[in-house]
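*Asks:* Sequence and predicted structure are below.
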Amino acid sequence: MPSPDNVMDKLVSLAKRRGFVFQSSEIYGGLGSVWDYGPLGVELKKNIKERWWRAMVHERDDIEGLDAAILMHPKVWEASGHVAGFTDPLVDCKQCKNRFRADDPRIKGTPGQPDAQCPVCGMKGTLTAPRLFNLMFKTFMGPVEEDAAVIYLRPETAQGIYVNYLNVLQASRQKVPFGIAQIGKAFRNEITPGNFIFRTREFEQMEMQFFVKPGTDLEWFEFWKAQRMQWVQGLGLHAEKLRFHQHAKDELAHYAKDAYDIQYEFPFGWQEFEGIHNRTDFDLSRHQQHSGKKLEYVDTATNERFVPYIVETSAGADRTTLVVLADAYHEEEVSGEKRVVMRFHPALAPIKAAVFPLVNKDGMPELARRIYDDVRRHVNVFYDDGGSIGRRYRRQDEAGTPFGITIDGQSTQDQTVTVRDRDTLLQDRVAADRLVAYLTEQLKG
Ligand SMILES: [Zn+2]
């Protein structure tokens, strides 16, 4: 068995080689824990986000979409508790200038005391006492860099939904219970980021906030827990690598009454990539207090007034992409040769089919081009005439392309092509004019 680190190394290396994920600003030595999605990565992530949006917005009549700005009024973050509470205790080494979390297990002794030893330079007595460090990225709005002009890059997308809750409610004529969904970037100045795109300083969230009548929150919490696990399972992941983890009392965030993570067994262990949280009326009550605006809901049928409770489903788009990448990675032996194959669910695969003329002569490239032009109007397809057919298959296996369409000598005679299945390696002979229908059928779901 390859070691877990080894599996991550291989995945990171494949991600770069095939154009899924690159390190940010690599030619300058990279920027810590910031990553860029390449040609295949952007398609994969987009397919995941679109699947989420379809399930959460288009297929439901009680959820509306929103795209709120990253920059928000600074008072939002006072109301949400992020200015005061979104902090980690950190210690600095006065000698080597490195910064650590106060609970870093590598630190020996008590930071701030002469016995404490820096885990990097090894000096004793150079670590400061813990100081609180806010995880929000700060910047300045307008031309003057002064305290009054400080604003933040949002550390979560949820607040953009809360401050728009009444706008959406009124504009959409929804009634409680209803939800607002959003996909967008958020930023956290993490001190110990890592594990590739698992914990990054810039990341994308897929969040849905569901507004319910107090007292019905437990029911809705169970409903959304089940829905989200079902959606995750629908990504075609190994079932034994998925589980729920309930937050213990001491793990619960200050706003949460109950919280479950959906965890995946990554090569580096079980970790969360989505959370379902019962946030109670904490958020809307706080915004009501801080803004001075009433955020009550009035039930027109019963004339009841209440501040809705919120059940949140919050998924990381990057983490879900990492789950899909890690789960798809397979090494196997095919007729004595090692094959690396990304077994993506066909609906998530960045490229659905590749078109190969067997050789670049005898009318094969012309027919292959015609087929390529036809198929590309329906699905994302790739044309490759470089190198041996075996090498071309292997490149598409690493890209996770479900189907390889080969135009061979017989094709120019009878207008049929072979379609190779990425997983079974079986080949079907299909009439060229039936190819689109064949692929559409195979890619369903
Ligand atoms: Zn040091």
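*Replies:* Ah, there it is. Numbers count the residues shown, from 1 in each chain.

*Asks:* quick one: the strands in the stretch 101-250 of the chain?
*Replies:* For the stretch 101-250 of the chain, the strands defined by DSSP state E, counting those that start in this stretch cover 131-134, 137-140, 150-153, 178-187, 202-212, 242-246.

*Asks:* in the stretch 251-400 of the chain, which spans are helices?
*Replies:* Listed in chain order, the helices of the stretch 251-400 of the chain (DSSP state H, counting those that start in this stretch) span 282-291, 317-328, 364-375, 389-399.

*Asks:* Using PDB, write down the CA coordinates of the first one.
*Replies:* If I follow you right, that is helix 282-291. Extracted in PDB, the C-alpha atoms of helix 282-291 (Å, rounded to 0.1, in the frame of the first residue of the first chain):
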ATOM      1  CA  PHE A 282     -28.500  34.300  16.400                       C
ATOM      2  CA  ASP A 283     -27.600  35.900  13.100                       C
ATOM      3  CA  LEU A 284     -30.800  37.800  12.300                       C
ATOM      4  CA  SER A 285     -31.100  39.000  16.000                       C
ATOM      5  CA  ARG A 286     -27.600  40.300  16.000                       C
ATOM      6  CA  HIS A 287     -28.200  42.200  12.700                       C
ATOM      7  CA  GLN A 288     -31.400  43.500  14.000                       C
ATOM      8  CA  GLN A 289     -29.600  44.900  17.100                       C
ATOM      9  CA  HIS A 290     -26.600  46.300  15.200                       C
ATOM     10  CA  SER A 291     -28.500  47.800  12.200                       C
END
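
*Asks:* Quick check: residue 72 touching residue 160?
*Replies:* Yes - between residue 72 and residue 160 there is a contact at 6.6 Å, judged by Cβ atoms under 8 Å. Quick note: C-beta positions are derived from backbone N, CA and C, even for glycine.

*Asks:* quick one: common contacting residues for those two?
*Replies:* Both residue 72 and residue 160 are contacted by residue 154, under the criterion Cβ atoms under 8 Å, 6 or more residues apart in numbering.

*Asks:* Show me which of those two is the more surrounded one.
*Replies:* Neighbours per residue, other Cβ atoms under 10 Å: of residue 72 and residue 160, the larger number sits with residue 160, 22 against 17.

*Asks:* That one: what's its closest spatial neighbour, skipping adjacent residues?
*Replies:* In space, residue 160 comes closest to residue 68 once its chain neighbours are excluded; the distance is 2.8 Å by Cβ to Cβ, 6 or more residues apart in numbering.

*Asks:* Check residue 136 too.
*Replies:* Nearest one to residue 136, counting by Cβ to Cβ, 6+ apart, is residue 152 at 4.5 Å.

*Asks:* Please list all residues in contact with the residue nearest to residue 63 when sequence neighbours are not counted.
*Replies:* Of all residues not flanking residue 63 in the chain, residue 179 sits nearest, at 4.0 Å (Cβ to Cβ, 6+ apart). Contacts for residue 179 (Cβ under 8 Å, 6+ apart) come out as 56, 60, 62-64, 208-211.
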